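Participant: can't give you the sequence, but here's the structure:
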């Protein structure tokens, strides 16, 4: 099934001491087509306290990629193991849900301290799991530790984002403002295969996983949400920060 993915840019001014990072890979970008919405949806003016702010501008819709049947079956079986594990840990109540393999996604942002995102327009879940294999790359090593990769989920009233950064911190934001971080391990992105990032949201309870480690928990209100990948830039040089999202899966729950 084809999905439509629209991209938005979040201009989030952050304090110079923010220790976040961004991700990437060198896989080719998917073919893009214009989205229906092409006007800014939200603008937040910066404050004197350097609270992160945002300008949202939808820009584009990549076409979905195809997945061979055997690979798709293996991918589904692997994801079902995760669902069963989350049920056993009482993170979600049951294995009931709808499985959606989504487009791979790769993009870059050269604006230090800012992040952008894209959302899969065909789905608007209130309770969901989204997961991807993620790699990161930076134009320079200076301030690269501030770079990160993650996901956004947003409704009419608010924008939520989670990132895992090169400095080893997992971070949660709402409307661009930093709501908290937790240090895990700064060596995880050194794995040439990247890291697996997973967001679970059920009944307002958010859990963010890096590989198999629970990085953050939060209470989140609102929904239904549009969800998708996000890139946090640590440098304004060259291509900036690039993130590559593969094996992307969305699981919709009631």
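Facilitator: Structure's in. What do you need? Only a predicted model underlies this, so the values are computations on that prediction, with no experimental measurement involved. Numbering: from 1, shown residues only.

Participant: you'd agree residue 222 is in a strand?
Facilitator: No. The assignment for residue 222 (DSSP: H, G, I helix; E, B strand; the rest coil) gives coil, which keeps it out of a strand.

Participant: from now on call the first residue 4
Facilitator: Shifting the count to begin at 4 puts that one at residue 225.

Participant: neighbours around the closest residue to it other than its chain neighbours, how many?
Facilitator: Distances taken as Cβ to Cβ, 6 or more residues apart in numbering put residue 158 closest to residue 225, at 4.6 Å, once the chain neighbours are dropped. In this view, the C-beta of every residue, glycine as well, is placed from N, C-alpha and C. Residue 158 has 15 neighbours, counted by other Cβ atoms under 10 Å.

Participant: repeat for the one 4 residues further on
Facilitator: Using other Cβ under 10 Å, residue 162 has 25 other residues around it.

Participant: quick check: pLDDT value at it.
Facilitator: Note on residue 162: pLDDT of 93.

Participant: and what of the one 10 residues further on?
Facilitator: Residue 172 is assigned 94 on the pLDDT scale.

Participant: could you find the closest non-adjacent residue to it?
Facilitator: residue 184 (4.6 Å).

Participant: wait, isn't that neighbour in contact with residue 171?
Facilitator: No. Applying Cβ atoms under 8 Å as the test, residue 184 and residue 171 come out as separate, 9.9 Å apart.

Participant: how many neighbouring residues does residue 94 have?
Facilitator: 17.

Participant: I figured it was touching residue 212, is that so?
Facilitator: No. Shown here, residue 94 and residue 212 do not form a contact pair, counting by Cβ under 8 Å, at 9.6 Å.

Participant: and for those two, which residues touch both?
Facilitator: Residues touching both residue 94 and residue 212 by Cβ atoms under 8 Å, 6 or more residues apart in numbering: residue 203.

Participant: how much space between residue 185 and residue 166?
Facilitator: 12 Å (Cβ to Cβ, to the nearest Å).

Participant: before we move on, what about residue 187?
Facilitator: 12 Å.

Participant: please apply the same query to residue 230.
Facilitator: 14 Å.

Participant: for the stretch 4-153 of the chain, just list every one of the strands.
Facilitator: 8-13, 35-36, 45-46, 58-59, 64-65, 101-104, 108-112, 118-123, 130-141, 151-157 (DSSP state E, counting those that start in this stretch).

Participant: next one, pLDDT for the spatially most central residue of the chain please.
Facilitator: In the chain, the residue lying closest to the centroid (Cα atoms, centre = their mean) is residue 154, at 1.5 Å. We have a pLDDT of 97 for residue 154.

Participant: was I right about it contacting residue 234?
Facilitator: No. The criterion here is Cβ under 8 Å, and residue 154 misses it with residue 234 at 10.6 Å.

Participant: with adjacent residues omitted, what lies nearest to residue 173?
Facilitator: residue 218 is the one closest to residue 173 (Cβ to Cβ, 6+ apart), at 3.5 Å.

Participant: now the one you found: which helix or strand?
Facilitator: Following DSSP states H and E, one finds residue 218 within strand 216-222.

Participant: counting by contacts, list what that strand packs against.
Facilitator: Using 3 or more Cβ pairs under 8 Å, 6 or more residues apart in numbering; DSSP states H and E, the elements in contact with strand 216-222 are strand 172-177, strand 180-186, strand 208-213.

Participant: what packs against the longest one?
Facilitator: Secondary-structure packing of strand 180-186 (3+ Cβ pairs under 8 Å, 6+ apart): strand 172-177, strand 216-222.

Participant: change it to 10 Å
Facilitator: Under the contact criterion of 3 or more Cβ pairs under 10 Å, 6 or more residues apart in numbering; DSSP states H and E, strand 180-186 touches strand 162-168, strand 172-177, strand 216-222.
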